[in-house]
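3D, please:
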Amino acid sequence: MNSYNDKEEKIIEMIESLIRNGVDDKLIISRFESKIFDLKKPELYFWFAKNVKGIDIESHEQAVIDKRDPEWNYKFAKNVKGSDINAHGQVIINSCNLEWNYKFARDIIGADVKAHGRVIINSGDPELNYIFVRDVKGADVRAHGQAIINSGDPKWNYLFAEGVKGTDVKAHEQFVFKYGNQIESELESLDNYLDDAIASSEKDTSKSMTK
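Predicted coordinates:
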């Protein structure tokens, strides 16, 4: 049995065939638009709005927004001219989906970079915060940097301080230095503990031999 994704692909292929064969867009709209809405699939709303001339773009756009699917809101905003960037962006912000917040801020002109960045900051993921600042123009370097400091991850603190312009290098440097001292302290503690254990073991062996 075909999945519904297969059915969507088949519908798209059939409409593409009609367009290639010269069928008027108005006829396609009058015959099939209402059925596309009945299916309630954001992929079809997006494809219809992008590829069929004379379509009621606002209705298809609102249908995509109402479905609250971050991927299709991103694709609609990116590929359909005149899209409501703020409305699609808000759907993605509300979704808290890290991947699509990052991609929307990176790729969509007019995106609210700080709002999408806040989703990444709130995740506490040091790698994603580094990537966001690296790839997204207008990202709040200090705010993302603080998220990396708060993460306690020495690797990303080092990479952020080394690779990002405008960062608080001293704050990241102090964290890495503090981490290095902590590791050295732990190494020394283990070293001393092992020495004590060896000495104790040798003492026990000596006692057993004198009995």
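
how about low-confidence regions in this protein?
1-4, 163, 166, 168-199, 201-211 (pLDDT under 70).

and the strands in it, which stretches?
Assigned by DSSP state E, the chain shows no strands.

center of it - which residue?
With distances taken as Cα atoms, centre = their mean, the chain has Glu99 as the residue nearest its mean C-alpha position (1.9 Å).

OK, contacts around that residue?
By Cβ atoms under 8 Å, 6 or more residues apart in numbering, the contact set of Glu99 is empty. C-beta here means a position set from N, CA and C on the backbone, and glycine is covered the same way.

count of residues packed around Tyr130?
Residues contacting Tyr130 under the criterion other Cβ atoms under 10 Å number 23.

and it, how far from Glu16?
Applying Cβ to Cβ, to the nearest Å, the value for Tyr130 to Glu16 is 41 Å.

Ile65 now?
Counting by Cβ to Cβ - Ile65 and Glu16 are separated by 25 Å.

before we move on, what about Trp72?
In terms of Cβ to Cβ, Trp72 sits 19 Å off from Glu16.

with Val91 instead?
In terms of Cβ to Cβ, Val91 sits 28 Å off from Glu16.

so which of the two has more stuff around it?
Each of Val91 and Glu16 has its neighbours counted (other Cβ under 10 Å); Val91 has more, 23 against 12.

excluding chain neighbours, what is closest to that one?
What sits nearest to Val91 in space, not counting adjacent residues and going by Cβ to Cβ, 6 or more residues apart in numbering, is Asn73, at 4.6 Å.

alright, calling it a day.
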